[in-house]
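Engineer: Test case, fold it:
(one chain, ligands or ions: 2)
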Amino acid sequence: MKMTTEEAFVKTLQTHGIDNAFGIIGSAMMPISDIFPDAGIKFWDCAHETSGGMMADGFTRATGKMCMMIAQNGPGITNFVTAVKTAYWNHTPVLLVTPQAANKTIGQGGFQEMEQMNLFADCVAYQEEVRDPSRIAETLNRVIMQAKRASAPAQINVPRDFWTQVIDVELPMIVDFELPQGGEVAVQNAADLLSSAKFPVILNGAGAVLSRGGIEASRVLAEALDAPVCVGYQHNDAFPGNHPLFVGPLGYNGSKAGMQLISQADVVLCLGTRLNPFSTLPGYGIDYWPTDAKIIQVDINPDRIGLTKKVTVGIVGDAAKVATSITEKLADGAGDTNRAERRNTIATTKSAWAQELTSMTDEQDDPGTDWNVRARAAKPDWMSPRMAWRAIQKSLPVEAIISSDIGNNCAIGNAYPSFNESRKYLAPGLFGPCGYGLPSIVGAKIGKPDVPVVGFAGDGAFGISVNELTAIGRGDWPAITQIVFRNYQWGAEKRNSTLWFDDNFVGTELDEEVSYAGIANACGLKGVVTRTQDELTAALAQAIKDQMENGVTTLIEAMINQELGDPFRRDAMKKPVAVAGISKDDMRPQVAG
Ligand SMILES: Cc1ncc(C[n+]2csc(CCOP(=O)(O)OP(=O)(O)O)c2C)c(N)n1
Ligand SMILES: [Mg+2]
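Structural biologist: Numbers count the residues shown, from 1 in each chain. Ligands and ions are numbered 1, 2, ... in the order given. The predicted structure follows:
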């Protein structure tokens with residue numbers, strides 16, 4: 001069939017149901033964006049491509065539906081790098097479309113030229129450049145299918161002079177197949193281990209969310225065994241929060257109950273998790289990983305099995321299918337050993353932790369440091385981070401989708417929210433980019449307009465994406481609610497300075513003259529400043545109402561003291577010792593000869 005290359009491209013997008021694109025307009029993409037409206041594809045024109053990419057990540061994570069990132073070749077595309085790598089470790093299948101400087105002129109002066117394949121080589125699961133205009137649909141179809149198969153970003157690089165060519169092609173078909181359900185012997189071994197376990201524990205990761213029916217299948221298995229279910233770091237929505245067997249997230253500021261329970265395990269079923277270090281490192285001083293337990297690890301990607309932890313049984317497969325097969329193969333009486341006692345232990349451990357969490361108000365100082373004591377004394381009337389989180393809990397709707405950012409206050413929040421459904425918690429993930437909280441929640445709301453959404457960010461991280469406030473108030477952009485923890489510092493890094501660098505604060509302070517609520521108002525949105533718990537609870541309730549009923553976006557600046565919780569990288573840092581010593585006097589050229 002005769003068509004233009006841009007028609008072939010857009011028709012292939014339609015075949016896959018890709019109807020949302022995020023980026024900033026540029027001439028290199030205009031032949032396709034020109035026909036987006038006719039094709040039913042919405043182009044969300046953000047203020048910065050990094051944020052646009054994170055909107056795409058948030059959209060797909062909240063909906064399970066693929067979308068695309070697209071921008072101008074060169075500087076538009078380079079701005080996507082952080083977002084694409086973030087999506088990679090969030091296991092998000094997004095399509096990255098990178099128009100390329102024209103083949104005809106490349107190398108003749110460098111205007112907006114960049115080696116865009118190398119640029120993303122380490123950020124995508126698959127990448128391909130279109131070699132000939134006639135292959136544009138075939139290539140795009142393959143790239144999209146690879147993104148879905150790997151559940152990761154995939155890139156198509158299109159020399160811009162390949163647009164507006166007339167080609168004669170058949171549109172390619174989608175090739176789909178059933179996902180693997182795990183080796184028969186391995187699944188039987190896993191069922192045997194779990195059947196005879198005295199204290200089986202399940203650890204759900206992102207795979208339980210991504211696999212269709214994964215959480216439900218893990219619930220059935222957990223109930224058969226009366227096994228407590230933990231979730232990996234930042235995967236708080238990988239099991240229903242209201243289930244009696246749910247014991248919360250592992251990792252920094254996670255659930256002490258989860259940590260205490262998994263430390264007693266003799267068999268752990270790790271379902272859809274690569275066991276990244278942040279989900280297994282000590283928390284609250286508890287080194288909870290059960291090193292003597294038998295570990296069953298299930299992952300769709302064989303490369304990730306046994307990567308970080310000693311594994312007894314490895315199973316390559318889809319989380320839902322493997323969990324269901326294991327349940328079917330359980331022996332009679334599986335889980336009966338100590339069943340009643342285990343149930344009791346789970347309930348008492350959970351309630352003790354719930355009580356402890358509600359009573360936690362202040363952050364502790366490490367021996368020899370006193371930052372938190374001083375921070376409280378400096379602003380005695382201000383909310384502490386945990387006071388803010390408790391106030392937020394009071395008016396956060398249980399069905400809300402929330403985002404998180406990288407920062408101390410967001411990390412402190414790890415133990416608070418729980419979710420009864422999946423695809424509700426958008427944390428930045430293991431690439432750890434500051435600036436994720438706002439754009440990801442905007443993307444989520446675009447995908448789920450009928451669900452209340454609340455974004456969270458620290459004030460430093462928020463500054464990275466603050467320019468999106470200039471974009472999201474327009475036309476059909478949906479209303480959102482964003483909370484900014486205002487402590488006027490890059491807190492998470494300041495925490496490291498107090499712990500290992502004797503309070504030598506380099507680059508940790510923010511401008512106290514800046515008002516984010518003021519910026520929001522200047523952008524035609526609603527900015528609110530809250531100073532007490534009651535104000536914060538009330539402002540959030542009002543903001544949600546405004547978001548859902550009045551189409552109003554609210555930015556809540558939650559003024560909090562400068563207390564700081566546990567640092568991220570206790571495992572990776574130590575106090576430096578001066579050996580040669582450093583002096584300003586040595587700042588002079590030393591020329592040889
Ligand atoms: C893009 C990016 N830049 C820098 C960092 C390093 N970093 C991690 S946490 C953090 C501080 C975050 O401060 P803020 O957002 O104010 O939150 P707070 O810790 O004060 O709650 C920084 C700079 C990062 N993770 N990502
Ligand atoms: Mg801060």
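Engineer: any chance you could read off phi and psi for F485?
Structural biologist: Note on F485: its backbone torsions stand at phi -80, psi 110 [degrees, to the nearest 10].
Engineer: give me the number of residues near it?
Structural biologist: For F485, the tally of surrounding residues (other Cβ atoms under 10 Å) stands at 30. Using the backbone N, CA and C atoms, a C-beta is placed for each residue, glycine as well.
Engineer: From ligand 1, how far out is the closest residue to it other than its chain neighbours?
Structural biologist: Nearest residue to F485 in three dimensions, chain neighbours excluded: N409, at 3.8 Å (Cβ to Cβ, 6 or more residues apart in numbering). Using Cβ to the nearest ligand atom, to the nearest Å, N409 is found at 3 Å from ligand 1.
Engineer: Find the residue ranges of this structure scoring beneath the pLDDT cut-off.
Structural biologist: Along the chain, no part satisfies pLDDT under 70.
Engineer: circling back to that earlier point, does the residue nearest to F485 fall in a helix, a strand, or a coil region?
Structural biologist: Here N409 is recorded as helix under DSSP: H, G, I helix; E, B strand; the rest coil.
Engineer: hang on, it packs against K494?
Structural biologist: No: when contacts are counted by Cβ atoms under 8 Å, N409 is not listed as touching K494 (11.8 Å).
Engineer: Those two: who's more crowded?
Structural biologist: Using other Cβ under 10 Å, the more surrounded residue of N409 and K494 is N409, with 29 against 25.
Engineer: dump the residue contacts of the more buried one.
Structural biologist: Applying Cβ atoms under 8 Å, 6 or more residues apart in numbering to N409 gives the contacts P385, A388, G458, F485, N487, G491, I560, G565.
Engineer: let's see 10 Å
Structural biologist: By Cβ atoms under 10 Å, 6 or more residues apart in numbering, the residues touching N409 are 385-386, 388-389, 456-459, 461, 483-487, 491-492, 558, 560, 563-565.
Engineer: W389 too?
Structural biologist: Contacts of W389 (Cβ under 10 Å, 6+ apart): 357, 360, 383, 396, 409-410, 412-417, 456, 485, 533, 536, 558, 560.
Engineer: Quick one: buried ones out of these?
Structural biologist: Buried by 16 or more other Cβ atoms under 10 Å: 357, 360, 383, 396, 409-410, 412-415, 417, 456, 485, 533, 536, 558, 560, out of the contacts of W389.
Engineer: excluding its backbone neighbours, what's nearest the single nearest residue of the stretch 201-350 of the chain relative to ligand 2?
Structural biologist: Nearest residue of the stretch 201-350 of the chain to ligand 2, counting by Cβ to the ion: N253, 15.7 Å away. With sequence-adjacent residues excluded and distances taken as Cβ to Cβ, 6+ apart, N253 is closest to N414, at 4.2 Å.
Engineer: Can you tell me what sits against the helix ranked longest in the chain?
Structural biologist: Ranked by number of residues, the top helix in the chain under DSSP state H is helix 339-359. Helix 339-359 is contacted by residues 197-201, 225-229, 244-248, 255-261, 264, 284, 333, 335, 338, 386, 389-390, 393, 415-416 when judged by Cβ under 10 Å, 6+ apart.
Engineer: Just the buried residues from the residues you listed, in ChimeraX please.
Structural biologist: In ChimeraX syntax, the buried subset of these is picked out as below (16+ other Cβ under 10 Å):
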select :197,199,200,201,225,226,227,228,229,245,246,247,248,255,256,257,258,259,260,261,264,335,386,389,390,415
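Engineer: who touches M360 in this structure?
Structural biologist: S384, R386, M387, W389, R390, I412, A415, G565.
Engineer: P367 versus that one, what's the distance?
Structural biologist: Distance of M360 to P367, computed by Cβ to Cβ, to the nearest Å: 19 Å.
Engineer: Do you have the helices of the stretch 101-250 of the chain handy? List them.
Structural biologist: 116-120, 136-150, 184-195, 206-210, 214-225 (DSSP state H, counting those that start in this stretch).
Engineer: The first one: which residues count as buried?
Structural biologist: Right, helix 116-120. In helix 116-120, counting by 16+ other Cβ under 10 Å, buried: Q116, L119, F120.
Engineer: repeat for the third one
Structural biologist: Using 16+ other Cβ under 10 Å as the test for burial, helix 184-195 gives A186, V187, N189, A190, A191, D192, L193, L194, S195.
Engineer: And the longest one, by the same measure?
Structural biologist: Using 16+ other Cβ under 10 Å as the test for burial, helix 136-150 gives 136-147, 149-150.
Engineer: filter these by proximity to ligand 2?
Structural biologist: The subset of those lying close to ligand 2, counting by Cβ under 5 Å from the ion, is empty.
Engineer: Turn those residues into CSV, including distance to V451.
Structural biologist: Shown next, in CSV, are these (distance: Cβ to Cβ, whole Å):
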residue, distance to V451
I136, 36
A137, 34
E138, 37
T139, 35
L140, 31
N141, 31
R142, 33
V143, 30
I144, 26
M145, 29
Q146, 30
A147, 24
R149, 28
A150, 27
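Engineer: Reformat those as CSV; add distance to ligand 1.
Structural biologist: Below are the buried residues of helix 136-150 laid out as CSV (distance: Cβ to the nearest ligand atom, whole Å):
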residue, distance to ligand 1
I136, 34
A137, 36
E138, 37
T139, 32
L140, 31
N141, 34
R142, 32
V143, 27
I144, 29
M145, 31
Q146, 27
A147, 24
R149, 29
A150, 25
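Engineer: from the residues you listed, which two are the most distant?
Structural biologist: Using Cβ to Cβ, the buried residues of helix 136-150 span at most 21.5 Å, a distance reached by I136 and A150.
Engineer: Closest approach to ligand 1 from the stretch 51-200 of the chain, which residue is it?
Structural biologist: The minimum distance from the stretch 51-200 of the chain to ligand 1, using Cβ to the nearest ligand atom, falls at T82 (6.6 Å).
Engineer: separation between that residue and P240?
Structural biologist: If you go by Cβ to Cβ, the gap between T82 and P240 works out to 32 Å.
Engineer: for stretch 163-179, the distance to its chain's centre please.
Structural biologist: 31 Å (Cα atoms, centre = their mean, to the nearest Å).
Engineer: re earlier: where helices are concerned, which of the contacts of M360 count?
Structural biologist: Short answer: the contacts of M360 in helices (DSSP H) are R386, M387, W389, R390, I412.
Engineer: measure the fourth one to Q155 for me?
Structural biologist: It refers to R390. 43 Å.
Engineer: Tell me who's in contact with the residue nearest to N253.
Structural biologist: Here N414 is in contact with 233-234, 236, 248-255, 283, 389, 404, 427, 565 (criterion: Cβ under 10 Å, 6+ apart).
Engineer: how about a cut-off of 8 Å?
Structural biologist: If you count contacts by Cβ under 8 Å, 6+ apart, N414 has them with Y233, Q234, N236, P249, G251, Y252, N253, G254.
Engineer: could those go into JSON lines alongside neighbour count?
Structural biologist: Conversion of these to JSON lines gives the following (neighbours: other Cβ atoms under 10 Å):
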{"residue": "Y233", "neighbour count": "25"}
{"residue": "Q234", "neighbour count": "28"}
{"residue": "N236", "neighbour count": "27"}
{"residue": "P249", "neighbour count": "30"}
{"residue": "G251", "neighbour count": "25"}
{"residue": "Y252", "neighbour count": "24"}
{"residue": "N253", "neighbour count": "20"}
{"residue": "G254", "neighbour count": "25"}
